[in-house]
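Novice: What shape does this take:
(chains A and B)
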Amino acid sequence: MEKAIERQRVLLEHLRPSSSSSHSFEGSLSASACLAGDSAAYQRTSLYGDDVVIVAAHRTALCKAKRGNFKDTYPDDLLAPVLRALIEKTNLDPSEVGDIVVGTVLAPGSQRASECRMSAFYAGFPETVAVRTVNRQCSSGLQAVADVAAAIKEEGIKTLKKPWKPLQQKSAHRTALCKAKRGNFKDTYPDDLLAPVLRALIEKTNLDPSEVGDIVVGTVLAPGSQRASECRMSAFYAGFPGMFLIYTAMRIFVSLTMVLDSGIGAGLESMTTNPMAWEGSVNPAVKKFEQAQNCLLPMGVTSENVAHRFGVSRQEQDQAAVDSHRKAAAATAAGKFKDEIIPVKTKLVDPKTGDETPITVSVDDGIRASTTLATLGKLKPVFKKDGTTTAGNSSQVSDGAGAVLLMRRSVATRKGLPVLGVFRTFAAVGVDPAIMGVGPAVAIPAAVKAAGLELDDIDLFEINEAFASQFVYCRNKLGLDAEKINVNGGAMAIGHPLGATGARCVATLLHEMKRRGKDCRFGVVSMCIGTGMGAAAVFERGDGVDELRNARKVEAQGYLSKDAR
Amino acid sequence: MPMFKAPFNGYSVKFSPFYESRLAVATAQNFGILGNGRIHVLELSPGGPGVTESIAFDTADAVYDVCWSESHESVLIAAIGDGSVKIYDTALPPPSNPIRSFQEHAREVHSVDYNPTRRDSFLTASWDDTVKLWAMDRPASIRTFKEHAYCVYQAVWNPKHGDVFASASGDCTLRIWDVREPGSTMIIPAHDLEILSCDWNKYDDCVLATSSVDKTIKVWDVRSYRAPLAVLNGHGYAVRKVKFSPHRRNLIASCSYDMTVCLWDYTVEDALVGRYDHHTEFAVGIDMSVVVEGLMASTGWDELVYVWQQGMDPRAS
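Specialist: Numbering: from 1, shown residues only, chains lettered A, B, ... in the order given. Presented below is the predicted three-dimensional model:
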């Protein structure tokens, strides 16, 4: 070992001679403790065949809703090219994909689920590949990826033949079923239908509601986001404490017990087709439950709440927006998104004449490189008089889709597919709906801890910039290095198509980690969730693409391993 | 242009003086810090797939340099990181190799050079501050030259005078030696920082070039050694190897930690005549073919060996 240290020293002298007084060595070089293959806090298990790996991740460009390049594009035409790209780039036989789960938020549930199934057909998937949607508001894309990963892991656990605890059904209840439109429930609010059942589950099993890990509600026809909010409100009525989790899904019972070899976790949102809206009237029951009422707050108001309560100034928020645009513009100019963006051939319809122009969209059209503090300073606050949240420091309303192909590592090896990333952990947490933006500050530590890591071990973050206020708050609260977060820009510049954002961030994160080399080992995707939740997932860089190109400056060098601390 | 990907990081490349399409590559695992080494003998096939490996020899430690014998066409000599000097015969299969192993240097052997005029002896330069003179058939070194105060990075024979050689050392001096003399005949404090390489002009036996950690290459005339003939600036980091062209008297090739290979004409005002940035890691080995004019080879820590004609793009296929 002494010899190796000695050789290192001789080589370092060539690059940074100690007697450099007579020459201008800029001191930009410094020895970096080698992180490749280091154990650190993470017990490096060797690559197990049952790891869930990502072999491909792609997205469409994101375009401004209503005015951008996707304004005349059908949602199923947004998702289909991405799904097709996953198959073409990996040469996978589409019939081998176990399931396609699409995170999608605002559209009416059944219609969107049908559109997703249609997309799969356009993309060349046979009828034997199943499709479902999932809705945990803004984290739906990430939730879809996590669901697929969980299903793949289930299969892995079973094949290990270890004793594993199957899910046990403890209690099951239902309401009476009544004829729609004319029966006894015709004037009942949907959240009042669910709440009694949830309450009964708790009361009859004497379970402490805070012990319930997650609530998944199968629901089909309602507008996605509204129904997800109604479900969260239901749970509040039923007496669940603030921190619980909830999400909705289609085709629910099959998916809970499903096991997979490979699957696609995707996200899709067309905010042109489905703007944020609430159909019908609001249940007066919310007035009795403050937290349920807070689920109905416009997102911008929660942003003002965060900015006010935690003291995030207008200046800081605008600066974050400027940085986001600058980094996104630089990344686009440098061609960094070329690997992940799938060009989409679509059309633009002139609203006056009805003429159709064919276009190919391959660039995010929301990025404004010329954004400065001065131009942002002119914008007026939108949600609160004397507030700080403006259109400039909020995420953009966008259309887009993303998809991630996951499979078990043994399957990927058998097919000879290089591994882009490894899915490690996912965590969703509940927070106060009135300040929903703090979600990442709670979710990221949870996911990182579940992976057996510390925050310091994470080399790259994609934290969704729903609003600059919550983004800045989370960054400061966790004490994260700004150089590691959203290095290629974020939602304020690129866009936030609600259901697609999770999948989009995974694609951007994994491709950037691939570019950065072996030193960039762990990455985190995280977002806040409307109605008061947060989600985060930890990914590890895949080893199918390793070029040791990057060395990072460290303050104190001297140990070969972090374990020697 | 042909390209070869080795499993280990490249350290040195040398064309065979006998066969125009043969070259030897010295490689080491983990950038030569820790691990094994391997010597590859490559054949260039003009019609077919570019470069093929004809034979390879594994070593227990890193191989820092390799050179071909001038007396036997299939013999090459390797400088190994564990201080040994090994002789290989490519005509024999790998299990019969190495045919000789000399363990005398106390530290890493950094370079080996074969005498081109007398063809019977070779020099090794080592990090134990010594240069040793050997003959193929003697079991031990003939002489040890111990004067440098730090690692000796290279020792090169004069192309015209069979008893004269130069050594470049980390003690910032260039020394000229004559094997018939007891000590060095000339000490030139050529640079203020470590000198990593030196080479003689093949057409003017009094001119040599040194390359240094100070990012420059200096060209010296031993008859007036107070000041250099030329100082060549242009590399961004330490210059690892320098080589005079066997075909043109003023042409120098160099490779550096800045990952580029440069060509210089030291007699002209604007000396840099070519720059190749095909390597994606430190470029540490370079050679120019004696048999084919303009043919160059380079290798680097990116595990690649490129062979190309001057003026062409090494990466063109």
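Novice: Who are the contact partners of the residue positioned nearest the centre of chain A?
Specialist: Note on chain A: the residue nearest the mean C-alpha position is A:Gly502, at 2.4 Å, using CA atoms, centre = their mean. Contact analysis of A:Gly502 by CB atoms under 8 Å, 6 or more residues apart in numbering or on different chains lists A:103, A:138-145, A:267, A:402, A:525, A:527, A:535. Bear in mind the C-beta positions are built from the backbone N, C-alpha and C, glycine included.
Novice: Tell me the spacing between it and A:Tyr473.
Specialist: 20 Å (CB to CB, to the nearest Å).
Novice: cool, and B:Glu269?
Specialist: Applying CB to CB to B:Glu269 and A:Tyr473 gives a distance of 60 Å.
Novice: Which one of those two is surrounded by more residues?
Specialist: More crowded of B:Glu269 and A:Tyr473, by other CB atoms under 10 Å in any protein chain shown: A:Tyr473, with 26 against 6.
Novice: Now do the same for the more buried one: helix, strand or coil?
Specialist: Per DSSP: H, G, I helix; E, B strand; the rest coil, the local secondary structure of A:Tyr473 is helix.
Novice: where does it land on pLDDT?
Specialist: Looking at A:Tyr473, its pLDDT reads 95.
Novice: which non-adjacent residue is nearest it?
Specialist: With CB to CB, 6 or more residues apart in numbering or on different chains as the criterion, A:Tyr473 has its nearest non-adjacent residue at 4.9 Å, and that residue is A:Phe310.
Novice: which parts of chain B sit against chain A?
Specialist: B:31-34, B:81, B:108, B:127, B:151, B:170, B:192-194, B:196, B:213-214, B:237-238, B:240, B:257, B:280 (CB under 8 Å from any CB of the partner chain).
Novice: surely the residue nearest to A:Tyr473 meets A:Cys474?
Specialist: No. Under the criterion of CB atoms under 8 Å, A:Phe310 is not in contact with A:Cys474, lying 9.8 Å apart.
Novice: more neighbours, those two?
Specialist: A:Cys474 (29 against 18).
Novice: And A:Ala85, how far from A:Ala130?
Specialist: Per CB to CB, A:Ala85 is found 20 Å from A:Ala130.
Novice: Of the two, which one has the most company?
Specialist: For A:Ala85 versus A:Ala130, neighbours defined as other CB under 10 Å are more numerous around A:Ala85 (22 against 19).
Novice: low-confidence ranges in the stretch 51-200 of chain A?
Specialist: The stretch 51-200 of chain A contains residues with pLDDT under 70 at A:155-173, A:175-176, A:180-183, A:186.
Novice: For the nearest residue to A:Arg59 once chain neighbours are set aside, name its beta-bridge partners.
Specialist: Closest residue in space to A:Arg59, ignoring its immediate chain neighbours: A:Gly402 at 3.8 Å, by CB to CB, 6+ apart. Taking DSSP bridges as the rule, A:Gly402 bridges to A:Arg59, A:Gly267.
Novice: Verify the stated contact: A:Gly402 with A:Leu509.
Specialist: No. Using CB under 8 Å, A:Gly402 makes no contact with A:Leu509, being 11.3 Å away.
Novice: neighbour count winner among those two?
Specialist: A:Gly402 (36 against 26).
Novice: Contacts only, for that one.
Specialist: So A:Gly402 contacts A:57-60, A:82, A:141, A:266-267, A:500-504, A:506-507 (CB under 8 Å, 6+ apart).
Novice: Name the nearest of these relative to A:Asp355.
Specialist: A:Thr60 (23.6 Å; CB to CB).
Novice: Burial check on the closest one, number of neighbours?
Specialist: Neighbours of A:Thr60 (other CB under 10 Å): 32.
Novice: Please enumerate the strands of the stretch 101-250 of chain A.
Specialist: For the stretch 101-250 of chain A, the strands defined by DSSP state E, counting those that start in this stretch occupy A:130-135, A:215-218, A:246-249.
Novice: Now the second one: average pLDDT?
Specialist: Within the predicted structure, the mean pLDDT of strand A:215-218 is 71.
Novice: just to revisit the earlier point, minimum distance to chain B: which of the strands of the stretch 101-250 of chain A has it?
Specialist: strand A:130-135 (42.0 Å; CB to the nearest CB).
Novice: Distance from the chain centre to the closest one, please.
Specialist: 16 Å (CA atoms, centre = their mean, to the nearest Å).
Novice: got it, and stretch B:28-47?
Specialist: 15 Å.
Novice: next one: stretch B:127-139
Specialist: On CA atoms, centre = their mean, the centre of stretch B:127-139 falls 16 Å from that of its chain.
Novice: Now that stretch: average pLDDT?
Specialist: 94.
Novice: Tell me the residue of the stretch 101-250 of chain B that sits nearest chain A?
Specialist: For the stretch 101-250 of chain B, CB to the nearest CB, closest residue to chain A: B:Ala238, 4.5 Å.
Novice: What backbone torsions are found at that residue?
Specialist: The phi and psi values for B:Ala238, taken as degrees, to the nearest 10, are phi -50, psi 140.
Novice: And for it, the neighbour number?
Specialist: Applying other CB under 10 Å, I find that B:Ala238 has 25 neighbouring residues.
Novice: How about the contacts made by it?
Specialist: A:His14, A:Leu15, B:Glu194, B:Leu196, B:Ser212, B:Val213, B:Asp214, B:Lys215, B:Ser256, B:Tyr257.
Novice: Give me the buried subset of those.
Specialist: A:His14, B:Glu194, B:Leu196, B:Ser212, B:Val213, B:Asp214, B:Lys215, B:Ser256, B:Tyr257 (16 or more other CB atoms under 10 Å in any protein chain shown).
Novice: Just give me the closest of those residues to A:Met271.
Specialist: B:Tyr257 (51.2 Å).
Novice: Against A:Asp51, how distant is the closest residue to A:Gly49 other than its chain neighbours?
Specialist: Closest residue in space to A:Gly49, ignoring its immediate chain neighbours: A:Ser410 at 3.6 Å, by CB to CB, 6+ apart. Separation of A:Ser410 from A:Asp51 (CB to CB): 9 Å.
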